[in-house]
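# curious how this folds, go ahead:
(2 chains)
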Amino acid sequence: MQIKNILEKAISDAANFMIENGIFKLNENDKLPEILLEVPPKKEFGDFATNFAMQSAKIFHTNPKKIAEELRNKIESDHLAMKMSGKTEWLEKIEIAGAGFLNFYLKPTVIYDTFEKIFNNENYGQLANKNNEKIQVEYVSANPTGLLHVGHGRGAAAGSAIVNIMRAAGYNVEAEYYINDAGNQMNNLAKSVNARYLEHFQKNVEFPEDGYHAADIIDTTERIIQEHGDKFLNLSEDERLKILGDLAYIDKMSELKKDLANFKVNFDVWFSERTLHPDKINSAIKILRDNGTIYEKDGALWLNSTKYGDDKDRVVVRENGEPTYLAADIAYHKNKFERGFEKIINIWGADHHGYVCRVKAAMSALGFDAEKLQILFLQMVALYRGGELVKMSKRTGNSITLRELMEEVGTDAARYFFLMRSMESQLDFDLDLAKKKSADNPVYYVQYAHARICSIFRQTLEMKIFIDEKPNFNLLTHSSEIDLINKIIDYEDEIEKAAQDYAPQKMTRYVYELAALFHAFYRDCRIIGVEKDLASARLALIKVTAHVIKHALNLLGVSAPESM
RNA sequence: GCGUCCGUAGCUCAGUUGGAUAGAGCAACGGCCUUCUAAGCCGUGGGUCGCGUGUUCGAGUCACGCCGGACGCACCA
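Numbers count the residues shown, from 1 in each chain, chains lettered A, B, ... in the order given. Next comes the predicted model:
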C-alpha cells in the first residue's frame, strides 16, 4: 500500500542517516532488519506501528527505547523539513510505546487521498502481475470411480479459492486435475458396473470383492442401460468389461465435472494418467535405473528413497510387471517439472502425507529442484448432524457426497464453511448450522452486508441521491467511517498475505470483519436524510465497500446477493 | 513403535517471519425497531493458550520432553 511505502522510506532514511553519521554503529556483517509495518491491535496505538527499534537493538547494541527516540526525532524533523518545502504533510505524530514500538499517527488527509485512489480504481483487488513465472496448483484429483464426497469438497473449495486468490495477487496460475484413470481402481469400476449390469438383467452374479458398492454405480449402470440396453449381454466377459468400463469412465467423468462446476470449481487442464502409460513411465524409470536410484530386488523394481530420508525403499514396478501408483506419479511430476512451472503446488488429503518424501526423492534424483514442489495438506472433515458424527466411507456407500451437501446446505454455505478454518485443522462441519438461514450462520452475515448496501442504492436512486464526480471524502470523520476506510485500504495487503500463505481462511476472516465494520457504520451513519455532500461521500464509501465484499466473496467462490 | 498435523473461553475457531492488557462467532444473561433490511447493533460474564523444561529484552508463536486426539506407516490408490 502506498501509505506503507511512505512510512517505510521515512524509517529507512532515518536509520541510514543514523548509521552514516555514526550515531549508531553497524558491524560489517550486520544487516538492518526488515521494516515491518503493522496495523496495531488497538486504535490507541495509532494507524501503523513498527517494532523496528526492538528488532535492531541487537545490531546497534543500544536499548530499543533509545533507538526509537532517535528515529522519532529524525523522522519528525525530516517531515517538518518536507512540510516547509511545501510538500503535503502526512504525519500527525509518533509515539513510543511498550518496549520500543514506534506508533505512527497519520494525518487523516493521507487516508482520504488513498481512499480516493481506490474509489477511482474499478479493479481494486486485482494486483499487478508479478511476473510471467507459471505456478501450477493441482487439487481434488479424485478417482473417477464414484461421486465426490465432502473431503473432496473441502479440497475443491480450498484449491479453487487459493487459485482465485493467487490470481488476484497477480500470480500466473494454472489449475490442474490429475485423473487417475489407469490401474486397479478402473478395473474395479468396470467389474462393479459389469456386475450391476448383469444384475439388472437378472443374471446370477457375485459382486466383485473389491467392487464399489455405492449407489452411484447403479445410477451409472442404469444410464448406460438406458442408452445401450441389453446389447452387451452376449459379449464375452472380457469384451463386456472393456466396453462397460469405458462407458462407466465417461459417465463418471461427466458426473464429476458437473459437480465441480456446480461447486464453482474450474480447471484449466485435465491430465489423464493414461497418457503416462507406458512410455513416459518407462522413460522415467530408465533414467532412474541408469543413475542408480532404482534397483531390482525380489523381481520388483525399487526406488532408493531411503537415501533421501524415507523410512524404507518403495516399489515402483511390481513383481508381476505392473507399475505402482508411485511409478505413475514419478512420471507425472517429471512431466510437471518439464512443463517449466516455477512452483508446483499439490493439495493432498492429510492421509497422503507419508507420500511426500518418495515423490520429492524421485524428483531430486531426476535432477529437479524438489523445493519447487510444495505439498499442502488438508486435514479431514468430520460431519455432524444432530450432534452425531456422520461416518463416511466410499466403499460401503454410506458417505455423504458433495452433491448431497450442496443440496442440503447450498453451495455458498458449503464453500464458506470449508474456507473458514485453516487447511491444517481438522474440520467439524455442522450440517445443522450450515443449513440454518439465520444469523448463526456467518455466510449470511457477510452476504447481508452486501444486500443491505444494494438496498440503499435502490432507494437513493429513486430519491435521486447520487455520488458526485469528486466526492469530498474529508467529510467522513466518524470513527465508524474511518474504521471502514482503513479496512478497505488494507484489502490488497490481505490478498497478498492470503496468497503467500496459501491461506483462504484469511480472506474469509477479512470479509467477515469488513462486513462487521459496515454493519457498525450502518448503525452510526445515515445516508438518506443527511446533507447532500455528506450523503454523496457516504454513498461512495459504501459503493467501494460493496465492491470489496463482492470481490472477496468471489475469491472464495461465494455469491454476493443484491437482496435477501 | 515411527512419522505428519492438531490441542487457545462451555462449543467451533482466529491469532500476520517471536512483540503491547490473548481475540471473534455460537451458547448464557441484559438492552435497542414510527427513521436506508432486527439475517442487524450495543453491553455483561467467561482463559493455568494440554503439561514441563529451555532459548531471550520478550513465547500462544521457536527447541526438546511428556500427555491427549486425528491421520498415515502396502508389490492399494
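
# could you use CA atoms for every contact and neighbour count after this?
Noted.

# distance of the most centrally placed residue in chain A from residue A:413?
Closest residue to the average C-alpha location of chain A: residue A:162 at 2.3 Å, with C-alpha atoms, centre = their mean. Using C-alpha to C-alpha, to the nearest Å, residue A:162 is found at 18 Å from residue A:413.

# how about residue A:249, what does it touch?
Applying C-alpha atoms under 8 Å, 6 or more residues apart in numbering, one finds that residue A:249 lies in contact with A:144, A:145, A:181, A:186.

# state the helix or strand in which the residue nearest to the centre of chain A lies.
For residue A:162, the element it lies in under DSSP states H and E is helix A:150-168.

# got the residues of the stretch 151-300 of chain A near RNA strand B?
Counting by C-alpha under 7 Å from any atom of the strand, the residues of the stretch 151-300 of chain A close to RNA strand B are A:180, A:183, A:184, A:185, A:298, A:299, A:300.

# ok, so of the residues you listed, who is nearest residue A:547?
Closest approach between these and residue A:547, by C-alpha to C-alpha: residue A:180, at 40.0 Å.

# could you look up the SS state of the residue nearest to residue A:188 when sequence neighbours are not counted?
Residue nearest to residue A:188 in three dimensions, not counting chain neighbours: residue A:211, with 5.3 Å by C-alpha to C-alpha, 6 or more residues apart in numbering. Of the three states, residue A:211 takes coil under DSSP: H, G, I helix; E, B strand; the rest coil.

# so who does residue A:211 touch?
Listed by C-alpha under 8 Å, 6+ apart, the contact set of residue A:211 reads A:188, A:189, A:191, A:192.

# state the pLDDT value of it.
Here the pLDDT value assigned to residue A:211 is 88.

# what's the most distant pair in the contacts of residue A:249?
In the contacts of residue A:249, two members sit farther apart than any others by C-alpha to C-alpha. They are A:145 and A:181, at 8.9 Å.

# burial count for residue A:400?
Using other C-alpha atoms under 10 Å, residue A:400 is surrounded by 19 other residues.

# just the element for residue A:424, please.
Residue A:424 belongs to no helix or strand, assigned by DSSP H and E.

# tell me how far it lies from residue A:233.
Note on residue A:424: its distance to residue A:233, by C-alpha to C-alpha, is 49 Å.

# so where's the stretch 351-500 of chain A shaky on pLDDT?
For the stretch 351-500 of chain A, the stretches flagged by pLDDT under 70 are A:391-399, A:438-439.

# need the residues of it near RNA strand B, please.
Proximity of the stretch 351-500 of chain A to RNA strand B, by C-alpha under 7 Å from any atom of the strand, involves residues A:351-355, A:379-380, A:420-428, A:437-442, A:444-445, A:448, A:451-452, A:454-456, A:459.

# can you list the strands that the next helix or strand after the helix holding residue A:162 pairs with?
Note on helix A:150-168: by DSSP H and E, the next helix or strand toward the C-terminus is strand A:172-179. Sheet pairing of strand A:172-179 (DSSP bridges) gives strand A:134-138 (parallel), strand A:269-272 (parallel).

# ok so, going back, which of the contacts of residue A:211 are buried?
Those of the contacts of residue A:211 that meet the buried threshold are A:188, A:189, A:191, A:192, by 16 or more other C-alpha atoms under 10 Å.

# ok, so of those, who is nearest residue A:293?
The shortest approach to residue A:293 among the buried ones among the contacts of residue A:211 belongs to residue A:188, at 32.0 Å (C-alpha to C-alpha).

# tell me the pLDDT of the closest one.
For residue A:188, pLDDT reads 93.

# just the buried residues of the helix or strand containing it, please?
Using DSSP H and E, residue A:188 sits in helix A:184-200. Residues of helix A:184-200 classed as buried by neighbour count (16+ other C-alpha under 10 Å): A:185-198.

# any chance of the strands paired with strand A:172-179 in TSV, with mean neighbour count and mean pLDDT too?
TSV is the format used below for the strands paired with strand A:172-179 (neighbours: other C-alpha atoms under 10 Å; pLDDT from 0 to 100):
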stretch	mean neighbour count	mean pLDDT
strand A:134-138	21	96
strand A:269-272	14	97
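
# many thanks, have a good one.
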